[in-house]
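*Asks:* I would like to see how this sequence folds:
(one chain, ligands or ions: 2)
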Amino acid sequence: MKLVLKFGGTSLGSPKDINSVARTVASFSKDNEIVVVCSAVDGVTDELILISRMIEQRKKDDVNVTLNKLILRHRSLANKTIKNSEIKKQLLEKLNTDVSELQELVRGLALLKEVSARSLDYLISFGERLSDDLVSYALQDLKKKSTALNGKEVGIVTDSNFGESRPLMDTTRIRISKTLGSLLSKKIIPVVGGFAGADQHGNITTFGRGGSDYTATIIASCINADEVWLMSDVDGLMTADPRLVKNARLLKEVSYAEAIEMAQFGAKQIHPKTFEPLLSKKIPMRIRSTFDVKNDGTLVTSSPSTATKKTVKCVSALRNIGLMDLSGGILFAAPGSAAKIFTILAEKNINVLMVSSNPSEASISIIVKKPDLAKAVNALEMNLLGKMVKKIEATPNASIIAVIGSGMKGTVGIAAKVFSAAQKRNVNVMMIAQGSSELNLAFVVKDSDCKSVIQSLHEEFQLDKIN
Ligand code: ASP
Ligand code: MG
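*Replies:* Ligands and ions are numbered 1, 2, ... in the order given. So this is what the prediction gives:
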């Protein structure tokens with residue numbers, strides 16, 4: 001099989017982990033053609049972002065301390081991961097080249113005391129530029145032929161939307177099939193640094209946080225891979241967060257549509273665009289553990305086998321959200337009033353997670369992330385209170401509970417079961433929303449009720465017996 005294996009940062013946090021990643025890749029490469037995609041070493045992207053903030057705050061000493069720590073960490077990983085002294089020397093030289101470029105960049109930005117969106121992408125792309133070498137040389141240490149490439153080198157071409165770029169798939173496809181095709185034909189294992197590419201002018205761009213998942217599926221589509229595996233510290237997608245429900249189970253198979261819903265709510269965060277490149281070619285994805293390779297994880301396909309089709313597959317929660325209830329006002333039902341509300345929020349750069357309004361149009365409920373709540377209430381009060389709206393009530397400690405499964409579509413009685421599960425635990429439901437896809441029934445409760453209602457739903461739908 002032709003496989004793309006993507007490893008998350010928590011799989012690359014220590015010499016032991018990097019060695020185990022290399023051993024896993026080496027063993028799967030015996031019977032398969034493999035392309036590896038890796039994230040930055042655990043925590044490194046956060047540190048690079050921190051450096052950019054320190055530059056803007058003119059904290060030169062802090063910048064140097066943090067940068068040096070980051071460089072030392074990679075050197076120490078190289079020293080402790082690689083056994084063969086010649087290979088170790090080559091890796092350290094390669095790291096030095098990247099490190100010099102990084103130091104030069106940081107010096108330049110520190111002089112300017114500003115970091116533009118374009119410079120920030122260039123800066124944060126270094127996490128993956130350094131980690132791909134660690135993994136590639138660890139493979140060479142196991143006597144496997146391997147080459148490290150960053151997103152630009154492999155041929156990922158994107159638009160110039162820094163921080164949230166999109167690939168230009170036609171150009172990317174031609175370039176990637178050439179670079180990777182040639183390496184694979186020579187039995188060389190390519191290790192690609194995820195997260196970044198370059199625009200048509202050669203500027204480095206990134207896909208946004210968590211973007212290495214997206215790199216993996218872009219590559220899988222370009223080389224017509226048989227499967228793409230997202231390997232991380234979780235076993236796969238679960239019926240519920242095991243920290244909330246003790247007998248939560250691993251889901252063996254889910255559809256793309258279900259996985260997209262679960263990725264937004266679940267414990268395993270997946271970059272939202274990750275599934276896009278897989279859909280047209282129906283390339284299956286596996287979400288599985290780096291540390292337990294005997295476990296097959298969760299298979300994500302376009303058409304799951306009928307045995308795994310259940311009405312409800314998962315209950316999950318999005319915590320740390322805030323609820324706003326806007327009510328009153330004579331003009332509330334006037335055309336354009338909803339547009340006005342959302343424009344005000346958009347201008348403040350506030351993302352709306354969920355909305356619901358009743359047919360009487362006497363009120364509208366809006367969910368935002370908790371850190372945005374005060375800003376949102378303020379903006380709406382300034383612009384609308386006393387005019388379009390009489391009252392704005394805010395509830396800061398809330399959770400969205402989502403019940404997910406494609407079998408819910410057209411099945412009668414799901415909502416009744418969901419709300420009786422809430423009632424059994426005496427939980428008050430503050431807001432409800434179900435999209436017309438019927439894949440996801442979501443409602444809002446007080447955060448202190450979250451655990452109890454999730455457990456009750458898990459029991460109600462017998463999710464512990466799902467497999
Ligand atoms: N290193 C990037 C991040 O932390 C991308 C990734 O890990 O997927 O967001
Ligand atoms: Mg590199």
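*Asks:* So which residues on this protein come close to ligand 2?
*Replies:* Counting by CB under 5 Å from the ion, the chain comes close to ligand 2 at 129, 132-133, 148. C-beta here means a position set from N, CA and C on the backbone, and glycine is covered the same way.
*Asks:* now that we have the residues you listed, which one has the most neighbours?
*Replies:* For the residues of the chain next to ligand 2, the largest number of neighbours (other CB atoms under 10 Å) sits with residue 132, at 31 neighbours.
*Asks:* Doesn't residue 160 belong to a strand?
*Replies:* No: read with DSSP: H, G, I helix; E, B strand; the rest coil, residue 160 is coil and lies in no strand.
*Asks:* List the contacts of it.
*Replies:* 199-201, 203, 205 (CB atoms under 8 Å, 6 or more residues apart in numbering).
*Asks:* Now residue 427: closest residue in space that isn't a chain neighbour?
*Replies:* residue 449 (4.4 Å; CB to CB, 6 or more residues apart in numbering).
*Asks:* Return the set of buried residues in the lengthiest helix in the chain.
*Replies:* Longest helix in the chain, counting residues (DSSP state H): helix 85-112. For helix 85-112, the neighbour count (16 or more other CB atoms under 10 Å) marks 87-88, 91-92, 94-95, 98-99, 102, 106, 109-110 as buried.
*Asks:* would CSV of those residues with pLDDT and distance to ligand 1 be doable?
*Replies:* As requested, the buried residues of helix 85-112 are exported to CSV (pLDDT from 0 to 100; distance: CB to the nearest ligand atom, whole Å):
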residue, pLDDT, distance to ligand 1
87, 98, 25
88, 98, 25
91, 98, 20
92, 98, 22
94, 97, 19
95, 98, 17
98, 97, 15
99, 98, 18
102, 98, 15
106, 98, 18
109, 97, 19
110, 96, 22
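*Asks:* mind giving me JSON lines with those and columns for distance to residue 19?
*Replies:* Formatted as JSON lines, these follow (distance: CB to CB, whole Å):
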{"residue": "87", "distance to residue 19": "13"}
{"residue": "88", "distance to residue 19": "13"}
{"residue": "91", "distance to residue 19": "13"}
{"residue": "92", "distance to residue 19": "17"}
{"residue": "94", "distance to residue 19": "18"}
{"residue": "95", "distance to residue 19": "17"}
{"residue": "98", "distance to residue 19": "21"}
{"residue": "99", "distance to residue 19": "22"}
{"residue": "102", "distance to residue 19": "25"}
{"residue": "106", "distance to residue 19": "30"}
{"residue": "109", "distance to residue 19": "34"}
{"residue": "110", "distance to residue 19": "36"}
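*Asks:* Give the single residue among the residues you listed positioned nearest to residue 336.
*Replies:* In terms of CB to CB, no member of the buried residues of helix 85-112 lies closer to residue 336 than residue 109, at 43.7 Å.
*Asks:* what's the most distant pair in the residues of the chain next to ligand 2?
*Replies:* 129 and 148 (8.6 Å).
*Asks:* shared neighbours of these two, anything?
*Replies:* Between them, residue 129 and residue 148 share these contacting residues under CB under 8 Å, 6+ apart: residue 193.
*Asks:* Show me the shaky parts of the stretch 301-450 of the chain.
*Replies:* Where the stretch 301-450 of the chain drops to pLDDT under 70, the residues are 307-309, 329-333, 361, 436.
*Asks:* Quick one: buried ones out of the contacts of residue 160?
*Replies:* 199, 203, 205.
*Asks:* Nearest to ligand 1 among the residues you listed?
*Replies:* residue 205 (12.9 Å; CB to the nearest ligand atom).
*Asks:* Can you give me the neighbour number for the spatially closest residue to the closest one that is not a sequence neighbour?
*Replies:* Spatially, and ignoring its direct neighbours in sequence, residue 205 is nearest to residue 165 (3.9 Å; CB to CB, 6+ apart). Applying other CB under 10 Å, we find 25 residues neighbouring residue 165.
*Asks:* who's in contact with residue 165?
*Replies:* 121, 158-159, 197, 199, 205-207.
*Asks:* 6 Å - rerun?
*Replies:* By CB atoms under 6 Å, 6 or more residues apart in numbering, the residues touching residue 165 are 158-159, 205, 207.
*Asks:* give the contact list for the residue of the stretch 201-350 of the chain found nearest ligand 2.
*Replies:* Residue of the stretch 201-350 of the chain nearest ligand 2, by CB to the ion: residue 204 (12.6 Å). By CB under 6 Å, 6+ apart, the contact list for residue 204 reads 121-122, 125, 196, 198.
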